[in-house]
Each structure stands twice: as structure tokens, then as C-alpha cells.
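S.K.: Starting from these lines, generate the structure:
(one chain, ligands or ions: 1)
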Amino acid sequence: MVVIKQLLSAAEVKEYRALLHVAPWNDGITTAMGMAASVKKNGQADAGDNQVQQLANRLLARLGHTPALLSAALPHRIFPPCFNCYGEGETYGLHVDAAIMRMPNNEILRSDLSMTTFLSEPDEYQGGELVIETEFGQQRVKLSAGDAVLYSSGSLHKVTPVTRGQRFAAITWIQSLIPDSQMRNTLHQLDQSIQNLLTNPAVAREQLDQLHHVYHNLIRQHSQV
Ligand code: NI
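M.R.: Numbering: from 1, shown residues only. Alright, predicted model coming up:
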């Protein structure tokens, strides 16, 4: 599980929220597949609406330019983000996300990672926690507006019922260049170490180049494109 702080600034969140406020909304059940349909109760901004599409593309572009996300996910394909809202009494029960998805451009995406970008501040709603079952136990996630969390699409997860207020979020799925999650995590750690060394004046350029070399060769060996 990786948290990306301030993927969106406070000003951007405000703009997103203003656009979502006037967007057309549908029942979230229409996009749920299989077992997910029976446990999903929320609203979803109409992905066919022009303004909503523009907003999704804007967030998509941001994801493609966020070093922390690129380092952690090594994305090959990213599903255009969907915007959802949980009002009072709404929830999404325990489920796993579909493994294979068809993107609006008709390409097929294998979901390796799921991502939630919070668009409401924690004090705007009660409940509405994202609960993820990980190998280290249950993680309960409720982040500041503009922060995002990345987690394995294969993990069971749910959104607990909102008991007060409204919880807005953007969700998306990522097919990684590196299908193996352990390898992806190792590459993430290696890249973080290299980034840390970059700021250390005692480290020589040639030493860093060698590490970069290793990093890229590992990606070459383990990527699936
Ligand atoms: Ni899900």
C-alpha cells in the first residue's frame, strides 16, 4: 500500500468539486460487475458526459506526471479515472476489483493496482473509510482531500457506510509494466534509494549511474509490454 500525498492541491480539489457539483450522476450499480454489483451502493459521475471526461483526462495527465506514482506503479496503462460519491447510508461491501477491464478506447487493461484519490476532507463525512485486507492485516484509510492511495487490485477491500455528509473520490486502475508485485515493490525501493542518494553530495555521479543501470536492466528483464 502506497500513499501519495497532495496528488492534487487544495485549489485543484476545489475546482474538481465545483465541476462534480454540476455534473450528471448515475447509480454506481451500472458499472459494477459480478459479485461487486450486489454490494455496491453509491453514485457515479456520468463517464459519458463531456465535462466529466475532461476532468478524468485532466487527472489522468496528472497521474502520468507524478514521480511518486510512476516510481511505485510503473504504469503501462491507466484506466481513465471515475468519480464517485457516497451519501448517507451508502457503502461498497467487501469485493475484489475485476481482473480484466475494457477501457473506453477499447483497449484491454489487466488491473494490477487500484487507486483512490480522496476529494473530500475527512471532517466532511463520518464513516466512509476505505478498508483494505493486506498480508499485514486490515488497513483503514481515510486521507486528506487531494491525497491518494495505491493498493493491490487483488486485495479484498470495502468502503464502510457513510453515516453523515458526503464522500467524493476518484478511482482508477493501473496495469503495471511489472506484473509481479514483489518485483515491483523491490524496484520501487531501489528507485527510492537512488532518489535519496541523488541528494547526497558525497555520492559520486558514476556510482549513481551504475545503480541506474541496474534499475533499468531489471525493468528490461521483468517488464511485460
Ligand atoms: Ni473496488
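S.K.: Count the neighbours of His95 for me.
M.R.: A count of nearby residues for His95, using other C-beta atoms under 10 Å, gives 19. Yep, even glycine has a C-beta here, placed from its N, CA and C like the rest.
S.K.: For it, which non-adjacent residue is spatially closest?
M.R.: The shortest distance from His95 to any non-neighbouring residue, by C-beta to C-beta, 6 or more residues apart in numbering, is to Ala36 (4.5 Å).
S.K.: May I ask you to confirm that the one you found is in contact with Leu94?
M.R.: No - using C-beta atoms under 8 Å as the test, Ala36 is too far from Leu94 to be in contact (9.8 Å).
S.K.: of these two, who's got more company?
M.R.: Each of Ala36 and Leu94 has its neighbours counted (other C-beta under 10 Å); Ala36 has more, 18 against 13.
S.K.: my read is that one is in a helix, agree?
M.R.: Yes - following the definition DSSP: H, G, I helix; E, B strand; the rest coil, Ala36 is counted among the residues of a helix.
S.K.: Could you measure from it over to Ile29?
M.R.: Computed with C-beta to C-beta, to the nearest Å, the distance linking Ala36 and Ile29 is 9 Å.
S.K.: most residues in a single strand of this protein, which one?
M.R.: strand 167-176 (DSSP state E).
S.K.: Tell me the first helix or strand C-terminal of that one.
M.R.: helix 181-198 (DSSP states H and E).
S.K.: Rounded mean pLDDT for that next one, please.
M.R.: Summarised as a single mean, pLDDT over helix 181-198 is 96.
S.K.: Buried ones in that helix, by neighbour count?
M.R.: Within helix 181-198, the residues scored as buried using 16 or more other C-beta atoms under 10 Å are Met183, Arg184, Leu187, His188, Leu190, Asp191, Ile194.
S.K.: again, but for stretch 81-100
M.R.: By neighbour count on 16+ other C-beta under 10 Å, the buried set for stretch 81-100 is 81-86, 90-92, 95-98.
S.K.: Only alpha carbons, please: show stretch 171-187 as PDB.
M.R.: Once side chains and other backbone atoms are set aside, the C-alpha atoms of stretch 171-187 remain, and they are given as PDB (Å, rounded to 0.1, in the frame of the first residue of the first chain):
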ATOM      1  CA  ILE A 171     -10.900   5.900  -8.500                       C
ATOM      2  CA  THR A 172      -8.800   4.300 -11.200                       C
ATOM      3  CA  TRP A 173      -6.900   1.100 -12.100                       C
ATOM      4  CA  ILE A 174      -3.400   0.600 -13.400                       C
ATOM      5  CA  GLN A 175      -1.800  -2.200 -15.400                       C
ATOM      6  CA  SER A 176       1.800  -2.200 -14.400                       C
ATOM      7  CA  LEU A 177       4.800  -2.800 -16.700                       C
ATOM      8  CA  ILE A 178       5.900  -5.200 -13.900                       C
ATOM      9  CA  PRO A 179       3.100  -7.800 -13.300                       C
ATOM     10  CA  ASP A 180       4.900  -9.400 -10.300                       C
ATOM     11  CA  SER A 181       4.100  -7.300  -7.200                       C
ATOM     12  CA  GLN A 182       7.200  -8.300  -5.300                       C
ATOM     13  CA  MET A 183       9.400  -7.300  -8.100                       C
ATOM     14  CA  ARG A 184       7.500  -4.100  -8.500                       C
ATOM     15  CA  ASN A 185       8.000  -3.300  -4.800                       C
ATOM     16  CA  THR A 186      11.700  -4.100  -5.000                       C
ATOM     17  CA  LEU A 187      12.100  -1.800  -8.000                       C
END
